[in-house]
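[1] Quick one: sequence plus predicted model below, questions after.
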Amino acid sequence: MVNRFLKLLAEKPFLMADGATGTNLFQVGLQAGDAPELWNFDHVDRIEALHQSFVDAGSDIILTNSFGGTRYRLKLHHAEGRVAEINQRAAEIARRVADRSGREVVVAGSMGPTGELFQPLGALSVDDGIAAFREQALALKAGGVDVIWIETMSAKEEVAAAVKGAAAANLPIVTTMSFDTNGRTMMGLTPADFVAFVHTLDPQPVAYGANCGVGASDLTATIVQLHAAAIAGGWGDDRIVAKGNAGIPYFEDDKIKYNGTPELMADYVRLARDAGAAIIGGCCGTSPQHLVAMRAALDAHQPGSPPSVESITARLGPLTAGAAGALSGEKPSSGGRRERRRERTGDVAF
């Protein structure tokens, strides 16, 4: 059977992913310090309603409510022994919503960071990291996901461990990092570094890119750099993922809100497409209302040339100094010219 994600990726010029999980759940009762993953049992109706709102807004991909689903994150809530049931339930809820949509909707199994530092900087060994991600990925597969979606990563070691662990599920893999520190990840990787690194992974992710970060403007600049590095390295057919925050966060009435309007996010997706992204959605602060505007903009847009610093700042707001400098002056490191990577097929164990 052909994998649903690979099929849609091959058939469509772009796929729209969903919006925020955590920030939308805060609007319906989630409290700071709560584990969203436990809502897969305590508030199934609210998780299902969130997925449904994303599907109704036009998302082609919905992510499971399992971002913090490794045993290392769940131990903070005394639930490290429930990895299998929590992740499987997260997948089952999303699968149920997708299957009743009347169209093909991809369910992506969200796997976020463990929250631990890998050796030698921290205590977590590579083998233990791989085992934790394998445990989560297999549970997500048992619940019916189409793709394993590794997101918001900062360190190469954790990406590599997550990919190796996810390989046990024998499903396509997507991985994204968060470039939120002067145009780099928290652990110092540039977008060009990530492009070179991702092509050393085995199995090879089907798509990779950036999520979260500082805001829509910085995220778009990152996509420009990722795509340029892919071209420079001979990987121009790569599928780039853009999942940016809805503007910049601010406090109001003791709650975190985001200043990105639906109109701004509609402009963001146009620029992200121009920058080379093939899978586009929203991260923190992105509501169903944002997604409606984003879908309409994507459907009507004909991609053009990659945006410049000036066009990004004029339309989305100022870039941070690091992101602006990297976009205007950094030459992407290609990691050497390579042969085009093997054709992607539905039976590859990504």
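    Perfect, thanks for sending it.

[2] hmm, what's the outermost residue in the protein?
    D253 (29.1 Å; CA atoms, centre = their mean).

[3] any idea how far it lies from A296?
    According to CB to CB, to the nearest Å, D253 and A296 sit 30 Å apart. Where you see a C-beta, it was placed from the backbone N, CA and C, and this is true even at glycine.

[4] Buried residues in stretch 17-30, which are they?
    Of the residues in stretch 17-30, those with enough neighbours to count as buried (16 or more other CB atoms under 10 Å) are A17, D18, G19, A20, T21, G22, T23, N24, L25, F26, L30.

[5] how about the nearest residue to the first one, chain neighbours excluded?
    Just to be clear, that refers to A17. Distances taken as CB to CB, 6 or more residues apart in numbering put G281 closest to A17, at 2.8 Å, once the chain neighbours are dropped.

[6] who touches the one helix or strand the one you found maps to?
    Following DSSP states H and E, one finds G281 within strand 277-282. By CB atoms under 8 Å, 6 or more residues apart in numbering, the surrounding residues in contact with strand 277-282 are 9, 13-20, 59, 61, 174, 207, 209, 223, 227, 239-246, 265, 269, 272-273, 290-291, 294, 298.

[7] Among the residues you listed, name the buried ones.
    With burial judged by 16+ other CB under 10 Å, the buried subset of these is 9, 14-20, 59, 61, 174, 207, 209, 223, 227, 239-246, 265, 269, 272-273, 290-291, 294, 298.

[8] And the one helix or strand A108 maps to, what does it pack against?
    Here A108, judged by DSSP H and E, is contained in strand 106-111. Strand 106-111 is packed against helix 4-11, strand 61-63, helix 83-99, helix 126-143, strand 147-153, with contacts defined by 3 or more CB pairs under 8 Å, 6 or more residues apart in numbering; DSSP states H and E.

[9] For these, give me TSV that also has distance to A314.
    What follows is those, written out as TSV (distance: least, CB to CB, whole Å):
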stretch	distance to A314
helix 4-11	32
strand 61-63	30
helix 83-99	37
helix 126-143	41
strand 147-153	28
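
[10] Of all those, which one is nearest P306?
    Closest to P306 of those is helix 4-11 (CB to CB; 21.3 Å).

[11] Tell me how far that closest one lies from the chain's centre.
    Offset of helix 4-11 from its chain centre (CA atoms, centre = their mean, to the nearest Å): 17 Å.

[12] Just the C-alpha atoms of it, please, in PDB.
    The C-alpha trace of helix 4-11 is given here as PDB (Å, rounded to 0.1, in the frame of the first residue of the first chain):
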ATOM      1  CA  ARG A   4      -0.700   8.500   2.300                       C
ATOM      2  CA  PHE A   5       1.900  11.200   3.000                       C
ATOM      3  CA  LEU A   6       4.300  10.200   0.200                       C
ATOM      4  CA  LYS A   7       1.300  10.000  -2.200                       C
ATOM      5  CA  LEU A   8       0.100  13.500  -1.400                       C
ATOM      6  CA  LEU A   9       3.600  14.900  -1.400                       C
ATOM      7  CA  ALA A  10       4.100  13.500  -4.900                       C
ATOM      8  CA  GLU A  11       0.700  14.600  -6.200                       C
END
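
[13] pLDDT of the next helix or strand after it, averaged?
    With elements assigned by DSSP H and E, the helix or strand that comes after helix 4-11 is strand 15-16. In this model, strand 15-16 carries a mean pLDDT of 98.

[14] likewise stretch 134-148?
    Averaging pLDDT along stretch 134-148 gives 98.

[15] Mind listing what's buried along it?
    134-141, 143-148.

[16] ok, back up a step: so which of the helices and strands packed on strand 106-111 is nearest V107?
    helix 83-99 (4.6 Å).

[17] helices or strands next to that closest one in the packing?
    On a contact count with 3+ CB pairs under 8 Å, 6+ apart, helix 83-99 meets helix 39-42, helix 44-56, strand 61-63, helix 71-74, strand 106-111, helix 126-143.
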